[in-house]
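Asks: Got a sequence here, can you build the structure:
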Amino acid sequence: MDELIKYIIAIACTTLGGFLGYFIRLFIEHRLAIDRIKENIRITEFNKAASDFRAAFAPVIVKFNLISDFNAIDKMLREELIPQGVAIERFRPFVASEKQEAYQEAWENYHQTHKREGISSVDFLRYAMGKEKERFNLFRKRIHAILQFTE
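Replies: Residues are numbered from 1 along each chain as shown. From the prediction side, this is the model:
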């Protein structure tokens, strides 16, 4: 009889261990699934925000190539600045905290004084000054410095 009780206890412990292992596995799989869902949501939100952010700068890039008049470029850049500023602030939460300072600096370099780059004008958004190739390279470099945060 003692042996029968030992077998019953062994079978009960094995069954209990199996059920416990099964439920632990279910719990772990559930937690991993939730983490995967959260990561997918985070990636999807980042991709959507990056797309919206890039879209705010797309019209300026196209128009800058099409317009050659200094005043028209300056006016166009000024008009596009508000949607770009909104996009900058909307995208800011998606920029890593260690890159926030570089992000702000890239934005300020884009829309403020360009004296460092060899452009003599200190006026706001004077990309139209200088030779066409040079001004486009400066503009492209500044836009890329901002848009690289979407990568």
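
Asks: From now on I want contacts and neighbour counts done on CA atoms only, so please keep to that.
Replies: Will do.

Asks: starting at the chain centroid, how far to stretch 48-57?
Replies: 9 Å (Cα atoms, centre = their mean, to the nearest Å).

Asks: Mind listing residues that contact that stretch?
Replies: 83-84, 87-88, 90-91, 94, 143, 147, 150 (Cα atoms under 8 Å, 6 or more residues apart in numbering).

Asks: Mind listing what's buried along it?
Replies: For stretch 48-57, the buried set under the neighbour-count rule, 16 or more other Cα atoms under 10 Å, comprises 49-50, 53-54, 56-57.

Asks: Looking at those residues, which is nearest Lys99?
Replies: Ala50 (15.4 Å; Cα to Cα).

Asks: how close does the closest one get to Ile11?
Replies: Ala50 sits 58 Å away from Ile11, taking Cα to Cα, to the nearest Å as the criterion.

Asks: Same check on Ser97?
Replies: Per Cα to Cα, Ser97 is found 55 Å from Ile11.

Asks: where does this structure dip in pLDDT?
Replies: 1, 112-136 (pLDDT under 70).

Asks: And the helices in it, which stretches?
Replies: Along the chain, the segments classed as helices by DSSP state H run 2-66, 70-91, 100-111, 132-147.

Asks: How many residues are close by Ser68?
Replies: Counted with other Cα atoms under 10 Å, residues neighbouring Ser68 total 12.

Asks: hang on, I meant Leu20
Replies: Leu20: 12 surrounding residues under other Cα under 10 Å.

Asks: Spit out the contact partners of it.
Replies: Leu20 neighbours (Cα under 8 Å, 6+ apart): none.

Asks: Could you tell me how many residues sit around Ile8?
Replies: Residue crowding around Ile8 was assessed by other Cα under 10 Å; the count is 12.
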